[in-house]
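In: Here is the input, now give the coordinates:
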Amino acid sequence: MTKIMAFLEAGLLILAAAGCKERPAATPPAIKVQVVTVVPRDVPIYQQWIGTLDGYPNAQIRAQVSGYLIKQDYIEGGAVKKGDLLFEVDPRPFQAALDQALGKLAQDQAQLGKTELDVKRFTPLARDQAISQEELDDATQANLMARAAIQADKAAVESATLNLAFCRITSPVDGIAGIAQAQIGDLVGPGGAVLTTVSTIDPIRVYFSISEQSYLAFCRQFTNLAQRTAYRAEMPLQLILSDGSTYPQKGKWYFTSREVDANTGALQIAGLFPNPDYILRPGQYALVRGMIETRRAAILLPQRAVMELQGSCQVATVDPQNTAHIRPVVVGEQVGTEWLIEKGLGPNDRVVAEGTQRVKEGMPVDPQPYNAEGMTNLAPPMTNK
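Out: Model (predicted):
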């Protein structure tokens, strides 16, 4: 009887163990995702730099003679032409100095006439020994001194004339005149402060800096200086203003600085932009945009296909068995609404462009063609590192 009971207990234990076995987990259903197939293509690469606008030249207007300002002849902030009158200094002292110099010149010219007559009269007398040779020599030297005095007087007249002309302070260039820094009645002079500044702003310069690495990458595209120079001459620049609008006029590369700044490792560049309506003004900040190269066989992805996690970038790819895999990538420049992928992908790879947040490693997916036009509520673009 004991053996029978033990046998029954063993059977019950076996049945209980069989009932406790785990059932196999159900395979999760494949989620629908939209994918793009990587197709390399040639892409123009643009870069943007922060630029500062400035006129050239910026002519600082100073008084060239000492005197009191008696008149301001221009409108502050208005356009002026070369030679336009800006200020006037009291001319009376300089007119008096000119009159005095003219009087001295007339006096010495009269003296010169007398010495010339003396030499003319004494020469035959000295030949006939009617007067001594010393008297003739004295008359000749007096004539030479009178001639020298005439030259000095003419220089004094010219100097006085210039000083009188300097009483009329004119613009040396075409441009925009700034705010007057002196008022009527101020005593001004060559060592005094700047009266105003006139800036030529058509065309206007924009200064910006590029990194040494960007400069070297740009240079490696060309085999010699002539090719590089020709490309820069034809490369248009765009100006994006502080309100986000694009300036309608195209600019051009003007010059590259001779040296790299040892403190910043940057190279200063200057561009020129037409400014016929004087919309652009010195001191403005703007973004300068230019095409620096054409990348051959480049790989581009929609912005929403790239995920950023703790400073690194990754994408979700789909293999031939429609299984998702998370793959790290290296992102380059932004090209329109797409990212340039430097490393991590190859031709014909399928990348999830919509549904990336739901995809995990090894998950089965149902890939559908990506429809960029039909997408709404787009995620904000990732910050370019």
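In: contacting residues around stretch 330-343?
Out: Here stretch 330-343 makes contact (Cβ atoms under 8 Å, 6 or more residues apart in numbering) with 43-47, 295, 298-303, 305-306, 313, 329, 344, 381-382, 384-385. Every residue, glycine included, has its C-beta placed from N, CA and C.
In: list the buried ones in it?
Out: For stretch 330-343, burial by neighbour count (16 or more other Cβ atoms under 10 Å) applies to V331, G332, E333, Q334, E338, W339, L340, I341.
In: closest to N348 among these?
Out: Proximity of these to N348 (Cβ to Cβ) peaks at I341, which lies at 13.8 Å.
In: Look at that closest one and give its secondary structure.
Out: strand (DSSP: H, G, I helix; E, B strand; the rest coil).
In: now do the one 10 residues further on
Out: What three-state DSSP gives for V351 is strand.
In: My guess is it contacts L300. True?
Out: No: in this structure, V351 is not within contact of L300 by Cβ atoms under 8 Å, at 10.6 Å.
In: of those two, who's got more company?
Out: Just comparing V351 and L300: by other Cβ atoms under 10 Å the higher neighbour count belongs to V351, 24 against 21.
In: tell me the centre residue of the protein?
Out: In the chain, the C-alpha closest to the average C-alpha coordinate belongs to Y207, at a distance of 2.3 Å (Cα atoms, centre = their mean).
In: helix or strand for it, which one?
Out: strand 204-211 (DSSP states H and E).
In: and if you look at I299?
Out: Element membership of I299 [criterion: DSSP H and E] is strand 285-302.
In: Tell me the helices and strands packed up against the very next helix or strand once past that strand.
Out: Next along the chain after strand 285-302, taking DSSP H and E as the criterion, comes strand 307-309. Counting contacts by 3 or more Cβ pairs under 8 Å, 6 or more residues apart in numbering; DSSP states H and E, strand 307-309 is packed against strand 312-318.
In: partner strands of the strand it packs on, parallel or antiparallel?
Out: Strand pairing for strand 312-318, determined by DSSP bridges: strand 307-309 (antiparallel), strand 324-335 (antiparallel), strand 350-354 (antiparallel).
In: How about residues contacting it?
Out: Applying Cβ under 8 Å, 6+ apart, the external contacts of strand 312-318 come out as 33, 35, 301, 305-307, 324-331, 344-345, 349-352, 356, 359, 365, 367, 382.
In: so who does V351 touch?
Out: Residues in contact with V351, defined by Cβ under 8 Å, 6+ apart, are V35, V36, T37, V38, L301, A305, V315, A316, T317, V318, L345.
In: State the pLDDT value of it.
Out: Note on V351: pLDDT of 93.
In: Name the residues of stretch 257-273 that come out as buried.
Out: Going by neighbour count (16+ other Cβ under 10 Å), the buried part of stretch 257-273 is V260, A266, L267, Q268, I269, A270, G271, L272, F273.
In: I'd say the residue nearest to the centre of the chain and Q268 touch.
Out: Yes: using Cβ under 8 Å, Y207 makes contact with Q268 at a distance of 6.2 Å.
In: and this protein, what are its domains?
Out: Split into domains by automatic domain parsing, the chain comes to 31-43+297-369, 48-56+200-295, 91-166.
In: so which helix or strand takes in V157?
Out: Using DSSP H and E, V157 falls within helix 133-166.
In: who are the neighbours of that helix, in terms of helices and strands?
Out: Here helix 133-166 touches helix 92-127, going by 3+ Cβ pairs under 8 Å, 6+ apart.
In: pLDDT on the helix it packs on, on average?
Out: On average, helix 92-127 scores 91.
In: That one: how far from the chain's middle?
Out: Here the centre of helix 92-127 is set off from its chain's centre by 62 Å, with Cα atoms, centre = their mean, to the nearest Å.
In: How about that helix, which residues are buried there?
Out: Using 16+ other Cβ under 10 Å as the test for burial, helix 92-127 gives 93-94, 97-98, 101, 104-105, 108, 111-112, 115, 118-119, 122, 126.
In: from the residues you listed, which is closest to L241?
Out: Among those, F94 lies closest to L241 (Cβ to Cβ), at 47.4 Å.
In: thought the closest one was touching R168?
Out: No: using Cβ under 8 Å, F94 makes no contact with R168, being 10.6 Å away.
In: re the thing from before, can you tell which of the strands paired with strand 312-318 is closest to L225?
Out: Within the strands paired with strand 312-318, the stretch nearest L225 is strand 324-335; the backing value is 25.8 Å (Cβ to Cβ).
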